[in-house]
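In: pasting the sequence and the predicted coordinates here, then a few questions.
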Amino acid sequence: MKTRVRWNRHTLALAAVVGGMWYAAEAQSNGAAHLIALLAGAMGALSWLHARANLRGLNVRLAGARPSAQDETRRIVVELRAEGSVVPCGLQVQAAGAEKSVFVERVPLGSVTRVELPPPKGTAQRALRIVVRSVYPLGLFTAEAMLQTSWIRRVHPKPAGDLPLPAPDFNLQGDAAVVAMTTGRSSEGDDFAGLREWRAGDSPRQIDWRAVARGGPLMSKTWGSSLQGVVVLDWDAWKLEPDARASQFARWMEQCESAGHPYALRLPQAAIQAGLGPAHMRRCLDLLAAQTNTEEGTATAREWKEDATRGDIGFEHEAHLPARPLLLLSLALLLAIWPLHGHITTSAILVCAMSLVWRGPLRMGVPHVMARLSVIAAGTAAVWTEYDGLEGMEPGIAMLLVLAGAKMLESRTPRDFQIMALIGWFLAFCLLLLDNQLSRAVWVTGVFLLIAGCMARFRRNTPGAREPLRTTAVLFAQAIPLALMLFFVFPRGLLNLGGALGRSRFGETGIDATLDPGKIATLALSSDVAFRVRFPDGPPPPVEQRYWRCLTLWDCDGLRWRRGPRMGHVTFPQRPEPGSDVRQVIDLEPHGKNWVPALDRPLRATARRILLLPDYDDSITSPVKVINAERIEVWSRLQLPPLRELPAHHREAALKVPEGISPRLQQLVDSWRAAATNDEEIVQQVIEHFRTQRFTYTLDPGEYSDDSLDEFLFERRTGFCEHFSASFATLLRIAGVPSRVIVGYLGGEYSDHNGGYLIVKQSEVHAWTEVWLERYGWQRIDPTAALAPDRVNIDLRAWLAGGAEAAERQRRSLWWRTTQRIRLLWDSLSYAWQDEVIDFDQESQRNLLESLGLVRGRHGILLAASALGIFLFAYGVAWWLRRPTRTSDPWLSAWRRACMKLARAGVRPRLANEGPLAYAECVSRSRPDLAEATSRLAELYASGRYGGGEDGFQEFKALQASFKPRRNVRP
Amino acid sequence: MLPAATAKTAAKQIETVIHRVSEIILGKEEVVRLAVTCLLARGHLLLEDQPGVGKTMLSQALAQALGLGFRRVQFTSDLLPADILGASIYDRESGAFHFHRGPVFTQVLLADEINRATPKTQSALLEAMEEGRVTADGATHPLPVPFFVIATQNPSTQIGTFMLPESQLDRFLMRLALGVPDRDAERALLEGQERRELLRTMEPALSVIELQQMQDWTRAVHAAPALLDYLQDLLAASRAQDAGLSPRAGLAVLSAARAWALLNGRAMVLPEDIQAVAVPVMGHRLEHAIDGTIGAEFARQLIAETPLP
């Protein structure tokens, strides 16, 4: 059996999908997307190997009778047997040239599966070939095995022609004896009809003994009924086209059979004596068929190819789309598009989901073409209105969803199924472009494998999920190392897109440039990570000093604060002091704004090798919006920086008070002003006011109207840190103390994974104030700390749960500790994912390869390295495939191994039908140096496998293991 | 199961038989071996070849070397069944019919040119071969043991012949062709003594008891499941053609392979044994087409194409 694997149209589709994935990954400079693209490619490539392995142990054998032209319904019986360790499944068996094939779902190990094949069509005469084809497991490659039988199909000529029957030849009556023998009818009639020369086969009773006695020649007597004579069909006597002649002969044979005339056949090469009956007729037809047979018996490469293509097309078109795999696939696709909700317009997702439900769970038919077109039109219109055009990543993905839905609606054939599955891979991949979280990547991988499982299940076409899942798992396990290897080695940046597409979900979470009442409280409910910080030089600072400064707000409007216009300033760049100042490495999640977090007060920051200095407001601002995850190195000084003069226009801005201060508020402030001798006392009094006037700190303070400052201060007195900071700063301004509001994060959870780092989440968002005191300069004052001192020390959630004591109690419970550990572990994984995978780009690749001391990462060298890796991998696979088929018989597998060793040593390989002793003898003849060991092995094997003695196995195995034949150096 | 040592002894004894016969039939050791194999497997032998290549001599030598009684019947077109089997003849003295045994009552029967006789006569002999006894006038007469028929047949191209029909061919375990000897062997034949003289002086190498013993041993040669798998594969492969091998043919192959294994001193059958006997055993059973060589050719093809399991 010759086996080979070739690509099909789905291989091209896979290449397109993988190429598209790679393009998108390059465009977004997204490591996770690269990884999934490589995984898809690796799984596709490895399915080649599985397709081959699927047919490896398969044995095909002819078992039934042959077909003929007269009897086209008669089938070819073929026996399939699996001899390897793999259960071949999803086989399409066909006689080459036949129009229809038979699908075999699986061939169980150790038993014989019989298949009846329709006979080949047409009259071409060539040796019968059985083709077994399989696209298992993923349908991306076609494996073919071809059995070349030696049996040349004799296509009997079809009876045709209307020439009259030739006249019987009365000189051939001697053949009548044969007729008598074969038909059981006596050829002897009543009337003596004369004498003729004796012929072979004449009965002795026919011989005219009297004539012999008279010395005459041997003569036979003939009687009346044999006078019907013999119809002689002489090939050379008729001038007709060979096919027409054969058909005419067949017609005459039929006529002779029905009339009871004996007939003889004479062809240039052979002849058949006269006779009658079905057996005689078949012999004659066989001979006629052989006469018209002109073609060679074995298939050429071209014919093989022809057969292959013909069969493939037939398979893809004929089979209908079974409902169950379609249901599974649509469920998997629903899982793939579900998390897109929130990133992509809902209408596109709905169009896709409804199409999936229509064809999958509802099992509805293919709708009319107009309905399909209107689905596309409606979807496109919705996407257009939502995004105001179709350009960009989100509109692109939305359009893909709409088109995928439309494709699902028109899926009819296995080919559509395959395309849908590949589209599903791409849809799952799209989520990675929109969301970088590790949990999403896990989800995507899961959906990805589920779709692969659907393909395997479909190509197998037997119920039951275990085997497809197993195949998929094996495929995945094999693809992962390959994908990882290529991930690190395959050159990035070849397309030179440099992250043209923005990455991930900014604008949704994160600090805004304004402070509106209730806004921060909403943000505090999010559990997303804002950034992670490492302290390379030492331990993190104590909890009460973890004020992460992001934005400084100057423009006051009661409870609502704005950033205000930029102001000129004089910078005093300060050199960080490694001993006392704190260095942080911040991995910032993209947020779409310009701010950069830093421990209060930042000195300088480095992002992408660009030095950033604190702005006029002592915050660090990035020159571009942070749309990709960034790594920033920041130096901060926790002590107050040396006092400087407050520029006049800064003071002016820091004292600007909103219009419309109510009289009672003015009165309150005036009373403080009057009582205080300096600014510090005023600050003290305001804090006292918050503390004594029953203000409550809550995450859910409710909505405030326009006149919110009075409402907050005099009526409701409930608020979150934003309310306190905003009102505190406003009050101080009214009182004539320069102040501003700082928005940032407070706290951070320490994780000792990955060398120790702080996780700062959106929930730790905070607002505090800074007050200009003449003696100290800008001084941080956190009114929240005055009101709820614990809040500064503990996590917001813990604080909400009941303060420090409750938090401490909670911290000791097993449940909390366990979940905390899991949470931290997960976060460290996410961090590593972000750090090592998503952000792994061209530069990281170059650094990695340089640190390994391998190459200066130039594209050519990387490509060469990838090619080498792939080649080595393919070589390994090829070597693995050459191993002997595993069998349940230990004797047999050990013997095959020994034979393989001999073949590697240059001895002629053992023929498939060669017995042990015969092979040993052959080896002894060609290689006397191996004679002894080989003979011993063969004897042990023969007596073990065929003699029924189990005793010698250990010896045999030991001998086989130590048997190391060398290549012969001929003298 | 047969002990390996027994198989070795048997092989040694048979070797002497083969040696003696080969002294008379020069250059045809392979055919002689197969003929002895056929005998050990209790089968009958059909020799098919041109006249004058030593068919008669072979059977005579075999009988002599084994110390068996030998008779020869020359088949002609007017030979009647009674001429072979025997006939009941009225005995005037006792006043009753007495069965006079025909030439078939012997241990080795050479049916020379069997295809010259009419089908009726042929089938009478073949029935006797199959049954091991002769029934005449309601009385059954057992044939001697061992009973071994060597039939010779001229090729079909010769005139005046009735070819054995397919169903009858099946009664013969093997069909062999002697063929003309090669140049050296022919030279030795031309130079050497008169063959008949040699035959007269030849001593038997085995006694009848020993021969029967060996036939029993042949049946005890082990055939492992793996081997039976192979045999079944062969049978199945032959059935891809519509004139496939019957189950009886399978049994024939197995018993011949057993005998061949014993002849080679083995107590178990190997695939090689099946392959060695396949062509003579299967050839005439696969004959269905126009030309006589097709069966043997097809058997060879089967062997070449069927892999060992």
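Out: Thanks, I have it.
In: could I get the full set of strands for chain B?
Out: Along chain B, counting by DSSP state E, strands occupy B:45-48, B:70-74, B:86-91, B:96-101, B:108-112, B:133-136, B:139-142, B:148-153, B:174-176.
In: how about the contacts made by residue 88?
Out: This is for chain A. By C-beta atoms under 8 Å, 6 or more residues apart in numbering or on different chains, the residues touching A:Pro88 are A:54-55, A:57-58, A:80, A:82, A:106-107, A:134, A:136. Using the backbone N, CA and C atoms, a C-beta is placed for each residue, glycine as well.
In: wait, chain B was what I had in mind.
Out: B:97-100, B:136-137.
In: longest helix of chain B?
Out: Determined from DSSP state H, the single longest helix within chain B is helix B:4-24.
In: circling back to that earlier point, which one (most neighbours) among the contacts of B:Ser88?
Out: Neighbour count (other C-beta atoms under 10 Å in any protein chain shown) singles out B:Ala136 as the most crowded of those, with 18 neighbours.
In: do I have it right that it meets B:Phe99?
Out: Yes - B:Ala136 is in contact with B:Phe99 according to C-beta atoms under 8 Å; the separation is 6.0 Å.
In: how about the helices of chain B, start to end?
Out: B:4-24, B:29-40, B:55-65, B:81-85, B:119-131, B:166-169, B:183-191, B:195-201, B:208-220, B:225-238, B:247-263, B:271-282, B:294-305.
In: just name the most buried of those helices.
Out: Mean neighbour count (mean count of other C-beta atoms under 10 Å in any protein chain shown) peaks for helix B:271-282 among the helices of chain B, with a mean of 25.
In: quick check: which helices or strands does that one pack against?
Out: When contacts are defined as 3 or more C-beta pairs under 8 Å, 6 or more residues apart in numbering or on different chains; DSSP states H and E, helix B:271-282 sits against helix A:916-926, helix B:29-40, strand B:174-176, helix B:225-238, helix B:247-263, helix B:294-305.
In: pull that helix out as PDB, backbone CA atoms only.
Out: What follows is helix B:271-282, C-alpha atoms only, in PDB (Å, rounded to 0.1, in the frame of the first residue of the first chain):
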ATOM      1  CA  PRO B 271       5.000 -19.300   6.300                       C
ATOM      2  CA  GLU B 272       7.900 -20.500   4.200                       C
ATOM      3  CA  ASP B 273       6.400 -24.000   4.200                       C
ATOM      4  CA  ILE B 274       3.100 -22.700   2.900                       C
ATOM      5  CA  GLN B 275       4.900 -20.800   0.200                       C
ATOM      6  CA  ALA B 276       6.900 -23.800  -0.800                       C
ATOM      7  CA  VAL B 277       3.900 -26.000  -1.400                       C
ATOM      8  CA  ALA B 278       1.500 -23.200  -2.500                       C
ATOM      9  CA  VAL B 279       2.100 -23.500  -6.300                       C
ATOM     10  CA  PRO B 280       1.700 -27.300  -6.600                       C
ATOM     11  CA  VAL B 281      -1.200 -27.400  -4.200                       C
ATOM     12  CA  MET B 282      -3.100 -24.300  -5.400                       C
END
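In: lowest confidence element among the helices and strands of the chain?
Out: Using chain A here. helix A:176-183 (a mean of 44; mean pLDDT, DSSP states H and E).
In: was after chain B, sorry
Out: The weakest-scoring helix or strand in chain B, judged by mean pLDDT, DSSP H and E, is helix B:166-169 (a mean of 76).
In: quick one: that one near chain A?
Out: No - shown here: helix B:166-169 not in contact with chain A (C-beta under 8 Å from any C-beta of the partner chain), separated by at least 9.8 Å.
In: chain center to that helix: distance?
Out: Computed by C-alpha atoms, centre = their mean, to the nearest Å, the chain-centroid distance of helix B:166-169 equals 14 Å.
In: same question for stretch B:100-114.
Out: For stretch B:100-114, the distance to the chain centre is 14 Å (C-alpha atoms, centre = their mean).
In: can you point out the buried residues in it?
Out: B:102, B:104-114 (16 or more other C-beta atoms under 10 Å in any protein chain shown).
In: so A:Gln269: helix, strand or coil?
Out: coil (DSSP: H, G, I helix; E, B strand; the rest coil).
In: rewinding a little: dump the contacts of B:Ser88 into TSV; add pLDDT as well.
Out: Below are the contacts of B:Ser88 laid out as TSV (pLDDT from 0 to 100):
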residue	pLDDT
B:Phe97	83
B:His98	84
B:Phe99	86
B:His100	86
B:Ala136	79
B:Asp137	77
